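# just the structure for this:
(2 chains)
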Amino acid sequence: MDTQNGANESAVNRRTFLKGSAAAAIGAAAATGFPSIVLAAKSSKSYPALGTYPAGISGDTAMIGIISDLTGSYSADGEDLVKGYKLAIKHLNEGGGLVSKVPTLSGKGVLGKKLVYKIGDSETKANPAVQAATEFIERDKAIMICGDTSSAVVIALEKLAQREKVLFFAGASGSNDTTGKDCQRYGFRSQPSAYMDAKALAPILKKELGSKRRAVYLVPDYTYGTTLYESMKEFTEKIGWTTVNHFLAPVGTTDYSSYLLNIANSGADVFVNIEFGNDAVASTKQAAQFGIFKTMQMIVPNISSYMPDGVGAEIMAGVYGTQDWYWGIAGNKAYPEAAAHSKIFLDDFLKEFNGVYPRWTAHIAYDQTLTWADAVERAGTFYPPEVIKALEGGHKIDLCLGPVAYRAEDHQQIRPVPVLKGKKPSAMKNKDDYFEIVGMTPGHEAVPPLGMFGCHLPGST
Amino acid sequence: MNWHLIAAQLLNGLALGSILALVALGLTITFGLLGLVNFAHGVFFMVGAYAGFVTFQYTHSFGLAVLMGALVVLVVGIVVERVVIRLFYRRPPEDQILVTFGLAIVIVEIVRAIFGGKTQLFPMPSWGMGATNLGFLVYPNYRLQVIVIAAITLAAIYLVLYKTRLGLIVRAGIDDSLIVNILGIDVTKTLLAVFVLGAMVAGFSGVIDAPIVAVDPDMGASVLIESFVVVVIGGLGSFSGSILGGIIAGEIISITTIWAPDYAQVMLYLAMALVLILRPQGLFGTEGRL
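Below you'll find the predicted structure:
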């Protein structure tokens, strides 16, 4: 706690440097920007002001700024995401859940600070998201920001986080660019990237569907869609498939009929639907009406949280895809590393939200918030560069997926990728039992080689 | 050249256009006849879809769902008109935009609070299931039926507005309310009737469109924008213009998709921009009608 108290003495504006703190000399050095200040600061266990540190923790609380899609095409996923954050913050403040399984976490806040939060609506667009996050940083001195379910928004928030020197944890974001060419020192992502999804999926597709298939793609027209298309194309062509064509559609399209006619006419026998959220529901529903599934097998490389609810189990039956996490892992003997902790999360979530099942977006929120808290505790300070070091150190945390860690070079979490297949309605044990788990590709097998997507992390100060 | 695909897209453009014309019709009525810029139009579409969804859950009757979709929006329309809209008929368009935009936010959030943000599963009515093989393509039955439903609805509303005594009073009341008042007819009732009619058509088309699109609280937003595009292309206040505008918009989207699917939406707005530059009143609009 010394570290905070030392820094607290200077009630600092984000952009002004230290004044009259424990060591005025350190402040002077900071103003001149010499790297030596970090060392100097560290040795005296007191850190210079940076981002919202220490202003954000000057009281008894630490504020988390949550950005989510409360409206817009991805809002169902956004709702689930928010539930995950709420449960994580509750457990961190009051104990319970997986907090009791992480030795560093006390259940009495983080470093003694009670966590508070605010939620901002991104409307699935970068501008409102950046506006809300900026307000959280400027006005509320948020010590950490997190969230959203669109890669385009997540990347905008990552850039903001880097500029403002406030840590950011991505919600749902599948684009290769998130931890590729747009990677940031202040941004962390736990969801498998497009590359990881495709690499995990391909061997199972080869085994189940053979190696002489012709695929046509429906692609949302932004970084998530285009990078997932490229990765799927790469890995399915490696197993012998032909890519017949792909069609880009804007996010929020309501009627896909003209695209679907092209798809029906393409001569393909596999329909790879990359659409997400409500767009995935609309396009799939309409594809069924066009009779596309009579001649084509559907693959959804990254299945949105509520897609099965929107299109119905009949259509999802036999569909292959991946999800960041699926509640069927809970208590599943085939996955002993993840089963017990997933069960704890599942049970607590069901209790907290009156029997509503968690989806993978809630899992991302829950696990990452605990991972951040653990890193802060291990660093012994909220000072962002120290927390980043704790996260980059390769320390594994054992939550819903078994022991996992972020890769220091690009901040992609190395974690297993669950591969799923839609169950027939007759095989479902309850109304949320949409999938069977047909594979769990280990993280180290799925991750792209370092540097493949052009990540160069900028500095932390 | 794949003639099958071109023929298929031409037909699809017509189907798409008839849905667009239907959802734009309610806007044409309030926009064209009342001169009211109604940004809550998309919300009536959404409320209709949800009312239909709930009705279908309990009754499994698509007919009742359509009826309830229209009736619930009728009630919502009356409340909204009496409480808010009637005060804004004579206010400048920017005031109308602000108040109806605000109304839309409130109603969308109420629906979200009740149903949540996730997409609701609205099944296809049994008579709409399946697809027909037309030789050059397999086309969903329901979309073919929607062309017919849209045509009948458009014709019925045209007859009411332009061929009946009631329609005559409505149009006269809007053209010169003073004279109509002197003749002993209550114009405020006329305005209410027109507003509610526009809302009901939106609610009706919400249920008709629900088995095709994703039913979620934000579904009205894109409908609103497309409706404005259709009305601008076809011409403000022109009944036939909104039908033609709908079909033109549908065909632009479909035909562009054959060669450049990523430009389909862009072409639609390009067409709208061209109309605004070359013929600001729209293809069938009359100058100074508003």
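# if I look at residue 3, what pLDDT would I see?
In the absence of a named chain, this looks at chain A. Residue A:3 is assigned 38 on the pLDDT scale.
# hm, I was asking about chain B
For residue B:3, pLDDT reads 81.
# with residue A:116 instead?
pLDDT, read off for residue A:116, is 97.
# show me which residues of the helix or strand where it lies are buried.
Element membership of residue A:116 [criterion: DSSP states H and E] is strand A:114-121. Neighbour-count burial for strand A:114-121, with 16 or more other CB atoms under 10 Å in any protein chain shown as criterion, is recorded at A:114-117, A:119-121. The way it works is simple: take the backbone N, C-alpha and C, and place the C-beta from them, glycine included.
# for stretch B:257-266, same thing?
Here stretch B:257-266 shows B:257-258, B:261, B:264-265 as buried, counting by 16+ other CB under 10 Å.
# export those as TSV, with columns for distance to chain A, pLDDT and secondary structure.
Shown next, in TSV, are the buried residues of stretch B:257-266 (distance: CB to the nearest CB, whole Å; pLDDT from 0 to 100; DSSP: H, G, I helix; E, B strand; the rest coil):
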residue	distance to chain A	pLDDT	secondary structure
B:257	4	87	helix
B:258	7	86	helix
B:261	5	82	helix
B:264	7	85	helix
B:265	6	84	helix
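# follow-up on the earlier one: may I see the buried residues of the next helix or strand after the strand holding residue A:116?
Downstream of strand A:114-121, the first helix or strand assigned by DSSP H and E is helix A:126-138. Residues of helix A:126-138 classed as buried under the neighbour-count rule (16+ other CB under 10 Å) are A:126, A:128-130, A:132-134, A:136-137.
# in the stretch 1-150 of chain B, where is pLDDT below threshold?
B:1 (pLDDT under 70).
# equivalent analysis for chain A, please.
In chain A, residues with pLDDT under 70: A:1-45.
# domain ranges for it?
A:2-49, A:61-194+A:337-415, A:195-323+A:418-446 (automatic domain parsing).
# between the ones you listed, which one is nearest to residue B:61?
domain A:195-323+A:418-446 (19.2 Å; CB to CB).
# so what's the gap between that closest one and the chain middle?
Chain-centre distance of domain A:195-323+A:418-446: 20 Å, with CA atoms, centre = their mean, to the nearest Å.
# ok, stretch A:118-136 next?
16 Å.
# what comes into contact with it?
A:63-75, A:78, A:82, A:140, A:142, A:145, A:147-150, A:152-153, A:155-157, A:160-161, A:164, A:251-252, A:277 (CB atoms under 8 Å, 6 or more residues apart in numbering or on different chains).
# from these, which land in helices?
Judged by DSSP state H, the contacts of stretch A:118-136 include A:75, A:78, A:82, A:152-153, A:155-157, A:160-161, A:164, A:277 as members of helices.
# and those residues near chain B, which?
By CB under 8 Å from any CB of the partner chain, the members of the ones in helices among the contacts of stretch A:118-136 lying near chain B are A:75, A:78.
# which of the ones in helices among the contacts of stretch A:118-136 lies closest to residue B:72?
Nearest member of the ones in helices among the contacts of stretch A:118-136 to residue B:72, counting by CB to CB, is residue A:75, at 22.6 Å.
# strands of the stretch 301-450 of chain A, residue ranges please.
Counting by DSSP state E, counting those that start in this stretch, the stretch 301-450 of chain A has strands at residues A:320-322, A:397-399, A:402-406, A:413-414, A:417-422, A:435-441.
# quickly run through the sheet partners of the longest one, with directions.
Paired strands of strand A:435-441, with direction, are strand A:417-422 (antiparallel) (DSSP bridges).
# and the strand it pairs with, how far out from the chain middle?
17 Å.
# contact partners of it?
Under CB under 8 Å, 6+ apart, the answer for strand A:417-422 is A:192, A:196-197, A:199-201, A:204, A:208, A:303, A:308, A:313, A:316-326, A:329, A:434-441, A:443, A:446.
# out of the residues you listed, which are buried?
A:192, A:196-197, A:199-201, A:204, A:303, A:308, A:313, A:316-317, A:319-326, A:329, A:434-435, A:437, A:439-441, A:443, A:446.
# mind checking which of the residues you listed are in helices?
Filtering the buried ones among the contacts of strand A:417-422 for helices - DSSP H - leaves A:196-197, A:199-201, A:204, A:308, A:313, A:316, A:443, A:446.
# quick check: the farthest pair among those?
Taking CB to CB, no two of those sit farther apart than A:313 and A:443, at 29.8 Å.
# residue A:452: neighbour count?
Applying other CB atoms under 10 Å in any protein chain shown, we find 12 residues neighbouring residue A:452.
# before we move on, what about residue A:168?
If you count neighbours by other CB under 10 Å, residue A:168 ends up with 27.
# need the three-state assignment for it.
Taken by DSSP: H, G, I helix; E, B strand; the rest coil, the conformation at residue A:168 corresponds to strand.
# which strand residues bridge it?
residue A:145, residue A:187.
# wait, doesn't it sit right on residue A:161?
Yes: at 3.4 Å, residue A:168 counts as touching residue A:161 under the criterion of CB atoms under 8 Å.
# who touches residue A:406 in this structure?
Residues in contact with residue A:406 (CB under 8 Å, 6+ apart) are A:188, A:190, A:391-392, A:412-414.
# from the residues you listed, which two are the most distant?
Going by CB to CB, the pair spanning the contacts of residue A:406 furthest: A:190 and A:392, at 14.4 Å.
# compare these two (neighbour count), which wins?
Set side by side, residue A:190 and residue A:392 show more neighbours around residue A:190, with 26 against 19, by other CB under 10 Å.
# isn't that one up against residue A:367?
Yes: between residue A:190 and residue A:367 there is a contact under CB under 8 Å: 6.3 Å.
# where does chain A come near chain B, residue by residue?
So far as CB under 8 Å from any CB goes, chain A lies against chain B at A:70-73, A:75-76, A:78-79, A:221, A:247-250, A:252-255, A:257-259, A:261-262, A:264-265, A:278-279, A:281-282, A:285-286, A:289-291, A:306, A:309-312.
# now which of those would you call buried?
A:70-73, A:75-76, A:78-79, A:221, A:247-249, A:252-255, A:257-259, A:261-262, A:264-265, A:278-279, A:281-282, A:285-286, A:289-291, A:306, A:309-312.
# re the thing from before, looking at the domains of chain A, which is nearest to residue B:83?
domain A:61-194+A:337-415 (24.2 Å).
# for residue A:329, what are its contacts?
Contacts of residue A:329 (CB under 8 Å, 6+ apart): A:335, A:338-339, A:342, A:400, A:418, A:437.
# sorry, wrong one. I was asking about residue B:205.
B:19, B:22-23, B:25-26, B:45, B:48, B:153.
# tell me, what's the model's pLDDT at it?
92.
# repeat for residue B:281
Looking at residue B:281, its pLDDT reads 85.
# for it, helix, strand, or coil?
Strictly by three-state DSSP, residue B:281 counts as coil.
# ramachandran coordinates for it?
Dihedral angles of residue B:281 (phi, psi; degrees, to the nearest 10) stand at phi -80, psi 0.
# go ahead and confirm it touches residue B:234.
No: Residue B:281 lies out of contact with residue B:234 (CB under 8 Å); the separation is 10.4 Å.
# neighbour count winner among the two?
Higher neighbour count among residue B:281 and residue B:234: residue B:234, with 29 against 19, using other CB under 10 Å.
# I'd assumed residue B:228 was in contact with that one.
No: taking contacts as CB under 8 Å, residue B:234 lies outside contact range of residue B:228: 10.8 Å.
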